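[1] Sequence first, then the predicted structure, then my questions.
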Amino acid sequence: MRAQLLALTFLVAVTGPAAFAQAPAAPPIKTFMSSAEVMSLIDKAKADRKDNAPLVAEPILSLAPYRAQLEYRPGTSPAAVHETDAELMYVYQGTGTIVTGGKLINEKRNNANNLGGTGIEGGTSQALSPGAMVIVPEKTPHQIMPGGGAPIVVITMHVPRPTDWPK
């Protein structure tokens, strides 16, 4: 009996700490980005641009189910429809135009929740300049075109509609 008790004590002493060890802590969630960090992100987007891409997106902050990103847009990118998320946009730099509503031209499915197209037929145009804000409801075609020959930088946040909100 004493041998069994010693064996059990040894087993607990050896394996106990491993059994009670905690998984490594998750990295802290980034909830703040300074203006200097945003400017660095714009430089990163410029450097990350490949093959004259009309859009380079860089993640900023994320707190599921919300995600914010910086979009560096030196050219007109395809029109889009997000079927499950609204998209909040803030113009940080540059000027341009956003077209919303209407119907996608040459519509195609990009993934399970998004459609794309080469343009929009019958939408409404709005001028964009620094400080402008736009919210594009889910299922709404939209497309941004930079103006004046310079890129437009937009900070976006995809926002899923809560299931208990009216549609």
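    Nice, I can see it. What you are looking at is a predicted structure, and each value in this text was computed from that prediction instead of being measured.
[2] Show me where the chain dips below the pLDDT cut-off.
    Filtered on pLDDT under 70, the chain yields the residue ranges 1-28, 164-167.
[3] try 80 this time
    The model of the chain has pLDDT under 80 over residues 1-30, 161-167.
[4] Strands of that one, residue ranges please.
    Assigned by DSSP state E, the strands in the chain fall at 56-63, 66-73, 79-82, 85-93, 96-100, 103-105, 108-111, 114-117, 119-121, 124-128, 133-136, 142-146, 152-160.
[5] Dump the ones you listed to JSON lines, plus distance to Asp43 and mean neighbour count.
    To be clear about C-beta, it is placed using only N, CA and C from the backbone, and glycine gets the same treatment. Putting the strands of the chain into JSON lines (distance: least, Cβ to Cβ, whole Å; neighbours: other Cβ atoms under 10 Å) gives the following:
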{"stretch": "strand 56-63", "distance to Asp43": "10", "mean neighbour count": "15"}
{"stretch": "strand 66-73", "distance to Asp43": "10", "mean neighbour count": "18"}
{"stretch": "strand 79-82", "distance to Asp43": "25", "mean neighbour count": "22"}
{"stretch": "strand 85-93", "distance to Asp43": "12", "mean neighbour count": "18"}
{"stretch": "strand 96-100", "distance to Asp43": "20", "mean neighbour count": "19"}
{"stretch": "strand 103-105", "distance to Asp43": "33", "mean neighbour count": "17"}
{"stretch": "strand 108-111", "distance to Asp43": "28", "mean neighbour count": "10"}
{"stretch": "strand 114-117", "distance to Asp43": "28", "mean neighbour count": "17"}
{"stretch": "strand 119-121", "distance to Asp43": "30", "mean neighbour count": "17"}
{"stretch": "strand 124-128", "distance to Asp43": "22", "mean neighbour count": "13"}
{"stretch": "strand 133-136", "distance to Asp43": "24", "mean neighbour count": "15"}
{"stretch": "strand 142-146", "distance to Asp43": "18", "mean neighbour count": "22"}
{"stretch": "strand 152-160", "distance to Asp43": "11", "mean neighbour count": "20"}
